[in-house]
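Asker: I would like the atomic coordinates for the input below:
(one chain, ligands or ions: 1)
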Amino acid sequence: MHRVADLVADYLEGVGERPVLPAVKPGEVRSVLPAAAPEQPEPLDTILDDYLRVIEPNLTHWNHPGFLAYFAITGSGPGILGETLAAGLNVNAMLWRTSPAGTELEERVCAWLARMMDLPADFHGHINDTASSSSLVALATARHRLPGLDVRVRGLSGRPEVPPLTLYASDQAHSSIDKSAIVLGLGQENVRRIESDGDFRMSVPALAAAVARDRAEGRLPMAVVATVGTTSTTSVDPVPEIADLCAREGLWLHVDAAYAGSAAICPEYRALMPGIERADSLVVNPHKWLFTPVDCSLLYVRDPALLKAAFSLVPEYLRTAEDSEVTNLMDYGFQLGRRFRSLKLWMVIRAFGVEGLRERIREHCALARDLAGWIAADPRFELAAPVPFSTVCFRARLEEDPDRFNERLLARVNAAGPVFLSHTVLKGRYTLRVAIGNLRTEREHIQRLWELVGRAYDELRGE
Ligand SMILES: Cc1ncc(COP(=O)(O)O)c(C=O)c1O
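Answerer: So this is what the prediction gives:
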C-alpha cells in the first residue's frame, strides 16, 4: 500500500511533464503481455514494476493539466483517497443490511448535492456508474408510467396493440439517449432528434410539431430529454418551455445535466438553467466536473415510488428484517451489486467545501472566457458557438477546404505533446473543442495551448 501511494503521488506530481497522448500504436501493449495467465503466484513488486514499465507510460493522461478533450475531468486527492478506502472496504451496498453506512451516506450525499444545485428538497437521488445508466433507468421509469401497457410484466414484443413508443431529444443530445432507446426496445427509429437553433438549443416549436405528428400517426410519445450542457457546445435547452409542453402532453421530462449540472452549485450558473427543478428525472455526473474519480453519476427523480415500482424485485434470499424501515438501494435500478461511490463524493465535498468547489468551477469558466476572447480577437480564427461554461468551440477561418485544414490543425496541435483537444461537427462544419475541467489546468496551460494553435496554423498555411 505504501509503494502504491508513492506511485500515485509520483505520477500526479510528474504527469504534467509527459505528453498527454502516449506514443503507442494499436496492439503494442497487447504484444508485450503474456498470452496466458501465470500458473504460479508472482510477487507484487514484480507486478508493480511491470505496471511502471508497460501500463503507466502507455495511457492517455486524463489527470494531465493539458488534457482538454471530450469533457476534461479530475481524480482529485480527496476523491482518490475515498476510492482507495472504498476498495479496502469492498462493501456491496445493495441492501441496507449489507452496507448500513454506505446506504445512509449515499442518501445524505445525494441530498447535499441536490441542495447545492438548488433542486427541490423532495428530489430523491441515488448513484449509478455513468450517465448512460442513469438515463436508461430514468427512461425505463418513464416507460413504466405509461398507463395500461404493463411493460414490466408483459414486455413489448408480440403485442401488435402497442403503438411505437417515441422519445424526443435535440440533434445535440448525447448518444446515450439513443442507446437507452435500443435497450428499452423503443428502437433508434423512434428517437426524434429535434432540430436546434443557431445557439444549439432545442427548438420547442419543432418539438411540439413532432409530438403532434406522432400522435396523429398513432404513435405513443413517452418522454422528452432536455440537455443542460450538450456534449459538443454545452448549450442549454430551453427547459421551462419544454417542461410546459411536457405538462400539457403528459410526457416525462428527463434532464441530462451530466456535465453542466455541476456548475449549478454556483448561483450565477444555476440561473442559466431555469426549469431544471421541474424535471421528472435529472442526471448529473460528479465524475465529469466535480473532481470525483470515475465513476460517479447521480440520478434524481421526483417520484421515487415510481422508480421503485419500475425496478423493485426482491427474491427470498435478499429479504431482510428491516426491509420496511430502510432504503435498499438495489430497488432503484437494474443492478444488484453496487460500489460504495458515495464515500469519495463525500470526501470531495467536505475537503473542498462547497465554496471551494464553486471557486474551481468559476476559475475554469473564467479561463474559457479568456480563451474565447483571444479567439474572437484573432482574424485567423472564429468562435463556433457561445461559451456558457468552460468549453470553447472554434475553428480556423478559411475560404478553401476549411474542414480538411481544421482536421490537420487539430492533429498537429495534439502531436506537439503538451495538450490534447478533441473535435466535433457543428451544422456540418468541422470544429475544434477545448474543454477545461481539470484542477491542474491553469492560465499558463491555456496560454500554451493558444500559442501551439497559432503556431500550427501558421506552419500549415506556410506548407
Ligand atoms: C451531456 C452528456 N450526457 C451523457 C453523457 C454520457 O456520460 P457517461 O460516460 O457517464 O455515460 C455525456 C458524456 O460526455 C454527456 O456529455
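
Asker: OK, contacts around the residue in the stretch 301-450 of the chain that the ligand sits nearest to?
Answerer: For the stretch 301-450 of the chain, the residue closest to the ligand is Ala435, as judged by CB to the nearest ligand atom, at 9.5 Å. C-beta coordinates here come from the backbone N, C-alpha and C atoms, glycine included. With contact taken as CB atoms under 8 Å, 6 or more residues apart in numbering, Ala435 is in contact with Leu68, Ala69, Tyr70, Phe71, Ala72, Ser390, Thr391, Ser422.

Asker: ok, and the closest non-adjacent residue to the fifth one?
Answerer: Read that as Ala72. Using CB to CB, 6 or more residues apart in numbering and skipping the chain neighbours, the partner closest in space to Ala72 is Gly437 (3.8 Å).

Asker: pull the number of nearby residues for the one you found.
Answerer: Counted with other CB atoms under 10 Å, the neighbours of Gly437 add up to 25.

Asker: look up phi and psi at Asp303.
Answerer: As for Asp303, its main-chain torsions (degrees, to the nearest 10) stand at phi -130, psi 90.

Asker: show me what contacts it?
Answerer: His124, Asp280.

Asker: on that earlier part again, before we move on, which element is the residue nearest to Ala72 in?
Answerer: Counting by DSSP states H and E, no helix or strand carries Gly437.

Asker: same check, this time on Gly75
Answerer: Counting by DSSP H and E, Gly75 is found in no helix or strand.

Asker: next, the contact list for it, please.
Answerer: With contacts defined as CB under 8 Å, 6+ apart, Gly75 is in contact with Trp62, Asn63, Glu83, Phe291, Thr292, Pro293, Val294.

Asker: excluding chain neighbours, what is closest to the last one?
Answerer: Read that as Val294. Leaving aside its sequence neighbours, Val294 sits nearest to His287 (CB to CB, 6+ apart; 4.6 Å).

Asker: before we move on, what SS does that neighbour have?
Answerer: helix (DSSP: H, G, I helix; E, B strand; the rest coil).

Asker: what does the pLDDT read for it?
Answerer: You'll see His287 listed with a pLDDT of 98.

Asker: one more: Ala226?
Answerer: 98.

Asker: that one falls within a helix, correct?
Answerer: No: Ala226 is assigned strand when assessed by three-state DSSP, not a helix.

Asker: widest-spaced pair of the contacts of Gly75?
Answerer: Trp62 and Glu83 (14.0 Å; CB to CB).

Asker: who has more neighbours, the two?
Answerer: When Trp62 and Glu83 are compared for neighbours, Glu83 comes out ahead with 22 against 18, by other CB under 10 Å.

Asker: ok, now which ones touch that one?
Answerer: Neighbouring residues of Glu83 by CB under 8 Å, 6+ apart: Gly75, Pro293, Leu343, Lys344.

Asker: nearest residue to the second one other than its sequence neighbours?
Answerer: Distances taken as CB to CB, 6+ apart put Gly75 closest to Pro293, at 3.8 Å, once the chain neighbours are dropped.

Asker: the residue nearest to Ala72 reaches Leu290, doesn't it?
Answerer: No: contact status for Gly437 versus Leu290: not in contact, 9.6 Å apart, counting by CB atoms under 8 Å.

Asker: if I look at Pro388, how far off is Lys308?
Answerer: Counting by CB to CB, to the nearest Å, the gap from Pro388 to Lys308 is 35 Å.

Asker: meant to ask about Asp197, not that
Answerer: 38 Å.

Asker: go on, Arg219?
Answerer: 28 Å.

Asker: from the middle of its chain, how far away would stretch 276-292 be?
Answerer: Distance of stretch 276-292 from the chain centroid (CA atoms, centre = their mean, to the nearest Å) equals 8 Å.

Asker: likewise for stretch 194-203?
Answerer: Distance, centroid of stretch 194-203 to centroid of chain: 21 Å (CA atoms, centre = their mean).

Asker: what is the rounded mean pLDDT of that stretch?
Answerer: On average, stretch 194-203 scores 98.

Asker: please, where are all the helices along the stretch 51-200 of the chain?
Answerer: Using DSSP state H, counting those that start in this stretch, the helices of the stretch 51-200 of the chain run over residues 77-89, 100-116, 131-145, 151-154, 175-183.

Asker: stretch 298-314 and the ligand in contact?
Answerer: No: Stretch 298-314 does not reach the ligand (CB under 6 Å from any ligand atom); its nearest approach is 10.8 Å.

Asker: walk me through the domains of this protein.
Answerer: Taking automatic domain parsing as the reference, the chain has its domains at 1-34+43-75+353-463, 92-339.

Asker: out of those, which one sits most buried?
Answerer: domain 92-339 (a mean of 19; mean count of other CB atoms under 10 Å).

Asker: how far does that domain sit from the chain's center?
Answerer: 13 Å.

Asker: can you show me the CA trace of stretch 354-373 as PDB?
Answerer: What follows is stretch 354-373, C-alpha atoms only, in PDB (Å, rounded to 0.1, in the frame of the first residue of the first chain):
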ATOM      1  CA  VAL A 354     -19.000  23.900  -1.400                       C
ATOM      2  CA  GLU A 355     -17.300  27.300  -1.700                       C
ATOM      3  CA  GLY A 356     -14.100  25.700  -2.700                       C
ATOM      4  CA  LEU A 357     -15.800  23.700  -5.400                       C
ATOM      5  CA  ARG A 358     -17.600  26.900  -6.600                       C
ATOM      6  CA  GLU A 359     -14.200  28.700  -6.900                       C
ATOM      7  CA  ARG A 360     -12.700  25.900  -9.100                       C
ATOM      8  CA  ILE A 361     -15.700  25.900 -11.400                       C
ATOM      9  CA  ARG A 362     -15.700  29.700 -11.700                       C
ATOM     10  CA  GLU A 363     -11.900  29.600 -12.400                       C
ATOM     11  CA  HIS A 364     -12.500  27.100 -15.300                       C
ATOM     12  CA  CYS A 365     -15.200  29.200 -16.700                       C
ATOM     13  CA  ALA A 366     -13.000  32.300 -16.500                       C
ATOM     14  CA  LEU A 367     -10.200  30.500 -18.300                       C
ATOM     15  CA  ALA A 368     -12.700  29.600 -21.000                       C
ATOM     16  CA  ARG A 369     -13.800  33.200 -21.400                       C
ATOM     17  CA  ASP A 370     -10.200  34.300 -21.700                       C
ATOM     18  CA  LEU A 371      -9.600  31.800 -24.500                       C
ATOM     19  CA  ALA A 372     -12.800  32.800 -26.200                       C
ATOM     20  CA  GLY A 373     -11.700  36.400 -26.100                       C
END
